[in-house]
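>>> give me coordinates for this.
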Amino acid sequence: MAEPQWRVLVTDDVDPEGVAELRACPDIEVEEHPTRPWTAWLDVIDRYDAAIGRSATPWPALLLERATRLRALGRAGVGLDNIDLDAATRRGIAVLNAPGSNAVSVAELAFGLLLALVRRLPEAVASMREGRWDRGRLGGTELRGRTMAIVGLGRIGSEMARRAHAFGMSVVAYDPYVADARFAELGVERAPTLTALLERAEVLTVHVPLTPETRGMIGAAELARLRPGVILLNLARGEVVDEAALVDALERGRLAGAALDVFATEPLPPDHPLRRLPNALLTPHLGASTAEAQRRVAVEVCSAVREVLLHGDLIRAVNAAGLDGGAWRALRPLLRLAERLGRLGAALLGGGLSAVELRYAGPRDGVARPLLAASLQGALAGVVAAPVNLINALAVAEERGIEAAWGQVAGRGDGGEEIELRVEAGERALRLGGALFGESHGRVVRIGAFRVDIAPRGTLLVLRNRDVPGVIGRVGTLLGQAGVNIAEYHQARLQAGGDALAAISVDSRVPADVLAALAGLPEVQDVVQVAMEE
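Now for the predicted structure:
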């Protein structure tokens, strides 16, 4: 029986249905282990090609630096705060999560907590258990007619909006990263600023990731802008809301209540002041803790890791260079062309790159940056010791002081797509061109000042020579005598009798002595061999 090609570490009790997605592939070997301190993995993490876990296992830079084989790191959940994303990106590790799979579970819990607060359900249940009948004391209020203010109109925020409408609430949201069309589709009013949102809120609910921008975004100043009697919900990340300011607002009665499922320190310390407040309803990070959500996130992230290993598919990688959604598979032929143009440019300049600039001409939006990453991947292949891929190519270029730029111009309107790549090495510069017509056939169409037309596959020989009779025959004879088969031969010139360039695609690498013989021909000025495929 053949040895599996890939080894995957699974920890933190990822749902078995997700793990089954990996075990079903004969090329993948799965090792499941219980949660351990991250330091326990330091000496063995270099055995694995991918790892999958939940929030219990941190992935700091030190551990990721030891993960020399790791290609993919999956988080069976939404948040990524237990992963050093910058370190993973520098290492070229695709980081994957399941951002939408627990949206319904979180939204349902949020509304359960909200209803419990406005109808005073915890008090009612406690009084009944204690043998009392406090019907007169425990009157509540309705949600209908109130305004729900949502910070973050992503997947969970959108589910909150749908449920708020069902309860007869008005909905306003603040999210500068969501288009107007999405607000209109959900029937949500856009607040131009966070301040404007706070002034409208009767129920304030937070659904944003933890970033430097969102850390502490609901603090003392923001809570002071709320009208008296507001209810606050936080089922996102504990650090988004300043807990000390929240305790103060609850104690002073500025807030009617708060429901929290997340905390700055988890587990929440036994003596934390939030625990003693009667108007604070606390749950132990249960947002995604439904059987259905755990199954969905596990299946989604395990499938995504499998696709990275088997097909190099980065459709779900949160740190990929601008790639998104279904555009990934359709972009592969262009990415392949850009990568090979990068290889060609670096080889012809002889290394020492100082700048790379890519221009894309065609109908697709937002593809120039990933194409630049692909060209850098090709240009840096074999130059640096660490693996270079679409995840870390831009970061590696920055570390090496290579200036990188990209842009897009209008296409010619004939359905084709073109890439122009300019590479610099000190005072030397070279411009290359590639074109894609149809679904999968990319061609190199320009090398420097010369127009060519050749497929960038196998091994490519690029010769500069004088345009005199017999050159093509002599080159072909030398290659034939060495047993090197020519797939394509394109000769280009600027003017008769002047400088010329030959781009020759061959089926195998050309031995060094044959290259020396080619370079020794009187008409040949230089010859460069470039491996287009590894």
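>>> quick one, longest helix in the protein?
Determined from DSSP state H, the single longest helix within the chain is helix 327-349.
>>> for that one, buried residues please.
Taking 16 or more other Cβ atoms under 10 Å as the neighbour-count basis, helix 327-349 is seen to contain the buried residues 328, 331, 333-349. No exception for glycine: its C-beta is placed from N, CA and C like everyone else's.
>>> and stretch 76-89, by the same measure?
By 16+ other Cβ under 10 Å, the buried positions in stretch 76-89 come out as Ala76, Gly77, Val78, Gly79, Leu80, Asn82, Ile83, Asp84, Leu85, Ala87, Ala88, Thr89.
>>> ok, these vs Gly100, which is closest?
Set against Gly100, the nearest of the buried residues of stretch 76-89 by Cβ to Cβ is Val78 (8.3 Å).
>>> name the nearest residue to that closest one, sequence neighbours excluded.
Once flanking residues are discounted, Val78 sits nearest to Pro99: 5.3 Å by Cβ to Cβ, 6 or more residues apart in numbering.
>>> would you mind identifying the next helix or strand past the longest helix of the chain?
Where DSSP states H and E defines the elements, the next helix or strand beyond helix 327-349 is strand 355-361.
>>> helices or strands up against the helix or strand just after that next one?
Following strand 355-361 in sequence order, the next helix or strand is helix 368-380 (DSSP H and E). The helices and strands touching helix 368-380, judged by 3 or more Cβ pairs under 8 Å, 6 or more residues apart in numbering; DSSP states H and E, are helix 327-349, strand 355-361, helix 393-399, strand 403-409, strand 417-425.
>>> tell me where the stretch 201-350 of the chain has strands.
Secondary structure of the stretch 201-350 of the chain by DSSP state E, counting those that start in this stretch: the strands cover 203-206, 230-234, 255-260, 280-282.
>>> so can I have TSV of those showing mean pLDDT and distance to Arg464?
Compiled in TSV, the strands of the stretch 201-350 of the chain are given as follows (pLDDT from 0 to 100; distance: least, Cβ to Cβ, whole Å):
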stretch	mean pLDDT	distance to Arg464
strand 203-206	98	63
strand 230-234	98	66
strand 255-260	97	69
strand 280-282	97	73
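>>> list the contacts of the nearest residue to Phe437 once chain neighbours are set aside.
Spatially, and ignoring its direct neighbours in sequence, Phe437 is nearest to Gly416 (4.7 Å; Cβ to Cβ, 6+ apart). Listed by Cβ atoms under 8 Å, 6 or more residues apart in numbering, the contact set of Gly416 reads Gly362, Ala435, Leu436, Phe437.
>>> ok, now Val452?
Residues counted as contacts of Val452 (Cβ under 8 Å, 6+ apart) are Val444, Val445, Arg446, His490, Ala492, Leu501, Ala503.
>>> got it, and Leu143?
Under the criterion of Cβ under 8 Å, 6+ apart, the contact list for Leu143 reads Leu114, Leu115, Val118, Ala164, Phe167, Gly168, Met169, Val203.
>>> scan the helices and strands of the protein for the one with the lowest mean pLDDT.
helix 393-399 (a mean of 81; mean pLDDT, DSSP states H and E).
>>> buried residues in that helix?
Across helix 393-399, burial judged by 16+ other Cβ under 10 Å covers Ala393, Leu394, Ala395, Val396, Ala397.
>>> with stretch 432-441 instead?
If you call a residue buried by 16+ other Cβ under 10 Å, then stretch 432-441 has these buried ones: Leu432, Gly433, Gly434, Ala435, Leu436.
>>> for stretch 514-530, same thing?
By neighbour count, with 16+ other Cβ under 10 Å as the criterion, the buried positions of stretch 514-530 are Val514, Leu515, Ala517, Leu518, Leu521, Val524, Val527, Val528, Gln529, Val530.
>>> for that stretch, the distance to its chain's centre please.
Averaging C-alpha positions (Cα atoms, centre = their mean, to the nearest Å) puts stretch 514-530 44 Å from its chain's average.
>>> just the endpoints, please. Distance across that stretch?
The stretch stretch 514-530 measures 15 Å between its terminal residues, going by Cα to Cα, to the nearest Å.
>>> show me the contact partners of it.
Under Cβ under 8 Å, 6+ apart, the answer for stretch 514-530 is 343-344, 347-348, 459-466, 468, 470-471, 474-475, 478-479, 482, 484, 509-510.
>>> how about Val383, what does it touch?
Ala346, Gly351.
>>> check Leu501 too.
Contacts for Leu501 were tallied using Cβ under 8 Å, 6+ apart; they are Ile447, Gly448, Phe450, Val452, Val462, Leu463, Arg464, Asn465, Gln491, Ala492, Arg493.
>>> try it again at 6 Å.
When the contact criterion is Cβ atoms under 6 Å, 6 or more residues apart in numbering, the partners of Leu501 are Phe450, Arg464, Ala492.
>>> what about Glu222, how many neighbours?
Counted by other Cβ atoms under 10 Å, the residues lying close to Glu222 total 20.
>>> could you count how many residues lie near the residue nearest to it when sequence neighbours are not counted?
Closest residue in space to Glu222, ignoring its immediate chain neighbours: Leu198 at 5.8 Å, by Cβ to Cβ, 6+ apart. By the other Cβ under 10 Å criterion, the neighbourhood of Leu198 contains 22 residues.
>>> gap between Leu198 and His272?
Separation of Leu198 from His272 (Cβ to Cβ, to the nearest Å) stands at 25 Å.
>>> quick one, what contacts the residue nearest to the spatial centre of the chain?
Against the mean C-alpha coordinate of the chain, by Cα atoms, centre = their mean, the closest residue is Val318 at 2.0 Å. The neighbours of Val318, taking Cβ under 6 Å, 6+ apart as the test, are Val95.
>>> where in the chain is pLDDT low?
The chain contains residues with pLDDT under 70 at 1-2, 315, 321-329, 382, 384-387, 412-415, 438-440, 534.
>>> and it, what are its domain boundaries?
The chain resolves into domains spanning 6-100+293-311, 103-282, 324-448, 451-534 when parsed by automatic domain parsing.
>>> picking up where we left off before, elements contacting the longest helix of the chain?
In terms of contacts (3 or more Cβ pairs under 6 Å, 6 or more residues apart in numbering; DSSP states H and E), helix 327-349 is packed against helix 368-380, strand 417-425, strand 428-437, strand 524-531.
>>> neighbours of the residue nearest to Leu314 when sequence neighbours are not counted, how many?
Spatially, and ignoring its direct neighbours in sequence, Leu314 is nearest to Ala320 (4.3 Å; Cβ to Cβ, 6+ apart). Look at Ala320: counted by other Cβ under 10 Å, it has 20 neighbours.
>>> looking at the contacts of Val452, which are in strands?
Among the contacts of Val452, the members falling in strands are Val444, Val445, Arg446, His490, Ala492, Leu501, Ala503 (criterion: DSSP state E).
>>> what distance do you get for Ala103 to Ser375?
According to Cβ to Cβ, Ala103 and Ser375 sit 36 Å apart.
>>> ramachandran coordinates for the residue nearest to Val78?
phi -70, psi -20 (degrees, to the nearest 10).
>>> and the helices in the stretch 101-250 of the chain?
Per DSSP state H, counting those that start in this stretch, the stretch 101-250 of the chain carries helices over the ranges 103-118, 121-129, 155-166, 180-186, 194-200, 220-224, 243-252.
>>> those helices: which one's closest to Thr68?
Ranking the helices of the stretch 101-250 of the chain by proximity to Thr68 (Cβ to Cβ) places helix 155-166 first, at 34.5 Å.
>>> any chance of the strands of the stretch 201-350 of the chain in a markdown table, plus distance to Gly426 and mean neighbour count?
Written out in a markdown table, the entries for these read as follows (distance: least, Cβ to Cβ, whole Å; neighbours: other Cβ atoms under 10 Å):
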| stretch | distance to Gly426 | mean neighbour count |
| --- | --- | --- |
| strand 203-206 | 51 | 25 |
| strand 230-234 | 54 | 24 |
| strand 255-260 | 58 | 22 |
| strand 280-282 | 62 | 19 |
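>>> can you redo the ones you listed as TSV with distance to His33?
Rendered in TSV, the data for the strands of the stretch 201-350 of the chain read as follows (distance: least, Cβ to Cβ, whole Å):
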stretch	distance to His33
strand 203-206	34
strand 230-234	32
strand 255-260	32
strand 280-282	31
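>>> thanks again, I'm all set now.
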